[in-house]
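> Pasted the sequence and its predicted model underneath.
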Amino acid sequence: MSVSASHFEQLFEHNDDPWAFRTRWYEKRKRDLLLASLPRQYYNRVFEPACANGELSAALAERCESLLCQDLNATAVQLARERLRPWHNARVEQGCLPGDWPAGEFELIVLSEIGYYLDPGQWLEVLERAAASLTPDGALLLCHWLHPIDGCPQTGHQVHALLAERMPLYRNLRHEEADFLLEYWCVQPSGIDLDEPCL
């Protein structure tokens with residue numbers, strides 16, 4: 001992680017929701033758009049690093065069999081564990097990417113608001129590990145703020161451009177607004193699966 005752990009410690013020191021995920025309409029609307037962009041109703045195994053206090057995690061837990069969340073900050077991990085207490089299919093671990101990448105394969109990896117905290121080399125390693133961890137029908141979902149952030153080595157556009165340039169994946173969706181960019185990338189070209197059972 002290029003941005004120091006102390007930066008996030010300061011953010012969570014006096015505020016359990018430093019980005020106002022629970023209260024800002026912008027965050028709720030963005031979260032709803034992110035969830036609506038998932039073409040499948042249900043996933044088997046999902047990984048969400050940089051889960052913060054678990055607001056998005058709670059929504060993802062309802063869409064999967066197993067959810068693994070991760071965050072660098074110990075306070076965020078405790079907050080996310082508390083938020084996810086009702087969902088027995090979810091667990092939260094403390095870890096720092098790219099080094100603490102989890103074992104196993106995932107049908108969905110959600111990389112939301114994380115890429116610009118890493119320098120391009122670290123971010124590329126995260127993308128490579130993510131692509132290598134996807135199941136044959138797996139996908140990456142990326143969402144990032146597009147305005148410059150003080151102290152961050154990349155912008156949201158740079159984060160998404162590196163994936164487009166370097167990863168052998170197929171873009172299934174791209175939604176860009178003035179403030180954020182949302183993309184869904186698949187291992188295989190995708191469309192509606194008419195044989196998928198309705199849950």
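Thanks, I have it. Numbers count the residues shown, from 1 in each chain.
> which helices and strands does the helix or strand where I109 lies pack with?
Take DSSP states H and E as the rule and I109 turns out to sit in strand 106-112. Secondary-structure packing of strand 106-112 (3 or more Cβ pairs under 8 Å, 6 or more residues apart in numbering; DSSP states H and E): strand 43-49, helix 55-61, strand 64-71, helix 120-133, strand 134-145. Where you see a C-beta, it was placed from the backbone N, CA and C, and this is true even at glycine.
> Figure out which of these is closest to W25.
Closest to W25 of the helices and strands packed on strand 106-112, according to Cβ to Cβ: helix 55-61, at 13.4 Å.
> quick revisit: just the CA trace of the strand holding I109, in PDB.
Extracted in PDB, the C-alpha atoms of strand 106-112 (Å, rounded to 0.1, in the frame of the first residue of the first chain):
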ATOM      1  CA  PHE A 106     -13.600 -16.200  -6.600                       C
ATOM      2  CA  GLU A 107     -16.600 -15.700  -8.900                       C
ATOM      3  CA  LEU A 108     -16.600 -12.000  -8.200                       C
ATOM      4  CA  ILE A 109     -13.900  -9.700  -6.900                       C
ATOM      5  CA  VAL A 110     -15.000  -6.100  -6.000                       C
ATOM      6  CA  LEU A 111     -12.200  -3.500  -6.200                       C
ATOM      7  CA  SER A 112     -14.000  -0.400  -5.100                       C
END
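> right, and A76 touches C51 too?
Yes: at 7.1 Å, A76 and C51 qualify as touching, with contact defined as Cβ atoms under 8 Å.
> Between those two, which is the more surrounded one?
In terms of neighbours (other Cβ atoms under 10 Å), C51 is the more surrounded of A76 and C51; the figures are 31 against 25.
> So the nearest residue to that one once chain neighbours are set aside versus Y170, what's the distance?
Spatially, and ignoring its direct neighbours in sequence, C51 is nearest to C69 (3.9 Å; Cβ to Cβ, 6 or more residues apart in numbering). C69 is 26 Å from Y170, where distance means Cβ to Cβ, to the nearest Å.
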